[in-house]
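J.: can't give you the sequence, but here's the structure:
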């Protein structure tokens, strides 16, 4: 109690120096907390966008140019496999869409079948999604994303309007709800058309990519196994076993998580170095303070202070400096993350864990780097200390 | 109170061995007022450091209030200093960052005495040296004489068995020095044991008894009723 009071007195008696000493710790703690928060924020936003795509999503990619056994009929069969909810072939293209005088070039044209909306968690704002008859009749119909619809027709009722692509007129039958931007780019620039139309206009035969949704996130493994068995059965006699592969989002999520965890660790490590430098600053100032106060130490010893009293006095002083520095650093990082969040377009949250780690670390630094000067002070012989001018 | 037997102390000064004290023996009784007098370099500062348990002799035995200090550890010596000895220095040696009251409280802090009692005893001690109205002042705001009074109050506050003063008037003008010496006289009549170290025969003459030290040896003992 007494030594804490003494420590405050001594810190306050030299405000500028104490502040500069603390600055090292303040910057160290703030950079650790902010950088780790950024790492965790990045991690969070990546997993959020994957979550948005659906954790029960799988994709089957076929790498065969000839004798591709996958047909629309077989995709239908996939839907009946164990663990599988929906399966839709996907083929992508891009191009310039025209409606009257309006042109739209940023669209992502996707040829698919009904069920794709379920797989990707799309919901409709207006009209309907693609249907089986659309596919089998090769109807020139399209479902548009919000941005595509607005660019082509403005904001008013759009269902029933027509646009042309490669000279073919398409009728808009539905508009998707706003999807938002994910790491895969804008989700609102979609133009969804029947798969059969796509095959014709993209001049691509066969199915090279199938999106599949599992019944639930827990059934992803089951779905993957039954898909593998199904594909293996179809591929018998194929020259290579690498003719197809199946990805699921869980694997992707894990890969990304390890990547961002490494990033977080690296950022935190770099910041920890600045905290260490701050600690060395404390040691430096404490050593100066010990030699400046040699006489004071001598007086205190003469009037009855033991080694332990002196040791604890200087140690507590170093601790108080580092603790105040740590708390101020936390304050700075709260402010920093608050200001940075909009710029980085992610929600930065300071986790209690990293807060605790930073504070404990700064206290440890106070002890470690305060111990040497404090010990030095306590070992001064009273006679020599008193003689010191 | 003090029993010194064959105390020797050597210093290594620039490769040369200097006998600061050479087999010094003397006794000082309870309630005595003794001056140790000698020119500079005579070894009187070394003697005072040993009496004050700030330094340890190379050989010989020193008993303070019956306890043999030669086998004491640094921690035990610190405890002894805090309970048995009140120091008064030539340069006052007050802590500039603390007020007069806090300076006087300090020895009690190291004895682990509670805040309330500490304050009360410090106020009493300051009152007894006539500084009741200067308690909140810092040393820099006090005159030399007042600072030395604060230092005396600090020496008295722990009710030590021995008051050890090293040239207490050295930094003061004659008038103030004389006032301080009057204070010592008062303390003596109140029953305190006082050891005064000085080079000034005039100051030494105020004590009951003087020990003259020259070249690390006690030369003569002279009684002087004054």
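T.: All right, it came through fine. Given the structure is predicted, the values throughout are model-derived calculations rather than measurements.
J.: contacts and neighbour counts: CA atoms only from here.
T.: Noted.
J.: ok, how many other residues are close to residue B:181?
T.: 17 (other CA atoms under 10 Å in any protein chain shown).
J.: residue A:160 too?
T.: Residue neighbour count, defined by other CA under 10 Å, stands at 12 for residue A:160.
J.: residue B:38 now?
T.: Going by other CA under 10 Å, the residues that sit close to residue B:38 add up to 25.
J.: isn't it right next to residue B:44, touching?
T.: Yes: applying CA atoms under 8 Å, one finds residue B:38 in contact with residue B:44, separated by 6.6 Å.
J.: what residues are shared contacts of these two?
T.: Taking CA atoms under 8 Å, 6 or more residues apart in numbering or on different chains as the contact definition, residue B:38 and residue B:44 share the neighbouring residues residue B:213.
J.: quick check: phi and psi on the residue nearest the centre of chain B?
T.: Closest to where the C-alpha atoms of chain B average out (CA atoms, centre = their mean) is residue B:164, at 1.7 Å. When quoted as degrees, to the nearest 10, the phi and psi of residue B:164 stand at phi -120, psi 120.
J.: again with residue B:39
T.: Taking degrees, to the nearest 10 as the convention, residue B:39 sits at phi -70, psi 170.
J.: so it sits against residue B:214, correct?
T.: Yes: contact criterion CA under 8 Å: residue B:39 and residue B:214 qualify, at 7.2 Å.
J.: higher neighbour count, those two?
T.: When residue B:39 and residue B:214 are compared on other CA under 10 Å, the one with more neighbours turns out to be residue B:214, at 19 against 14.
J.: any stretches of the chain with poor pLDDT?
T.: The chain I'm using is chain A. Low-confidence segments of chain A, defined by pLDDT under 70, are located at A:1-2, A:52-54, A:156-157, A:181-186, A:237-242, A:388-389.
J.: my question was about chain B
T.: B:220-226.
J.: same thing but 50
T.: Flagging of chain B using pLDDT under 50 yields the residue ranges B:226.
J.: and the residue of it that's closest to chain A?
T.: The shortest separation between chain B and chain A is 3.8 Å, found at residue B:82 (distances taken as CA to the nearest CA).
J.: how close does that residue get to residue B:76?
T.: Taken as CA to CA, to the nearest Å, the spacing of residue B:82 relative to residue B:76 amounts to 10 Å.
J.: what residues of the lengthiest helix in chain B count as buried?
T.: Counting residues, the longest helix found in chain B (DSSP state H) is helix B:174-189. Buried residues in helix B:174-189, counted by 16 or more other CA atoms under 10 Å in any protein chain shown: B:176, B:177, B:180, B:181, B:183, B:184, B:185, B:187, B:188.
J.: gap between it and the chain center?
T.: 14 Å (CA atoms, centre = their mean, to the nearest Å).
J.: equivalent analysis for stretch A:101-115, please.
T.: Averaging C-alpha coordinates over stretch A:101-115 and over its chain gives two centres that are 29 Å apart (CA atoms, centre = their mean).
J.: gap between the two ends of that stretch?
T.: One end of stretch A:101-115 to the other measures 33 Å (CA to CA).
J.: buried sites along it?
T.: Of the residues in stretch A:101-115, those scored as buried under the neighbour-count criterion (16+ other CA under 10 Å) are A:103, A:104, A:106, A:107, A:108, A:109, A:110, A:111, A:112, A:113, A:114, A:115.
J.: ok, and what's touching that stretch?
T.: Applying CA under 8 Å, 6+ apart, the external contacts of stretch A:101-115 come out as A:86-98, A:129-132, A:135, A:148, A:151-153, A:189-199.
J.: ok, stretch A:282-299 next?
T.: Contact partners of stretch A:282-299, identified using CA under 8 Å, 6+ apart, comprise A:21-22, A:310, A:314, A:318, A:322, A:366, A:369-370, A:372-374, A:376-378, A:380-389, B:93-95.
J.: and for stretch B:114-124?
T.: The set of residues external to stretch B:114-124 that reach it, using CA under 8 Å, 6+ apart, is B:101, B:104, B:105, B:108, B:109, B:132, B:135, B:153, B:154, B:157.
J.: kindly report the same for stretch A:270-280.
T.: Contacts made with stretch A:270-280 from outside it, assessed by CA under 8 Å, 6+ apart, are listed as A:21-25, A:27-29, A:31-32, A:35, A:362, A:365-366, A:369.
J.: name the residues of it that are buried.
T.: By neighbour count, with 16+ other CA under 10 Å as the criterion, the buried positions of stretch A:270-280 are A:271, A:272, A:274, A:275, A:276, A:277, A:278, A:279, A:280.
J.: and stretch A:299-317, by the same measure?
T.: Buried, per 16+ other CA under 10 Å, within stretch A:299-317: A:299-307, A:309-317.
J.: what does stretch A:321-334 give?
T.: The neighbour-count check on stretch A:321-334 (16+ other CA under 10 Å) flags A:321-330, A:332-334 as buried.
J.: how about residues contacting it?
T.: For stretch A:321-334, the surrounding residues in contact (CA under 8 Å, 6+ apart) are A:11, A:18, A:21-31, A:33-34, A:282, A:350, A:355, A:358-359, A:362-363, A:365-366.
J.: ok, the contacts of stretch A:270-280 vs chain B, which is closest?
T.: Once CA to the nearest CA is applied, the member of the contacts of stretch A:270-280 that ends up nearest chain B is residue A:21, at 20.2 Å.
J.: give me the phi and psi for that closest one.
T.: Main-chain dihedrals, residue A:21, degrees, to the nearest 10: phi -60, psi -40.
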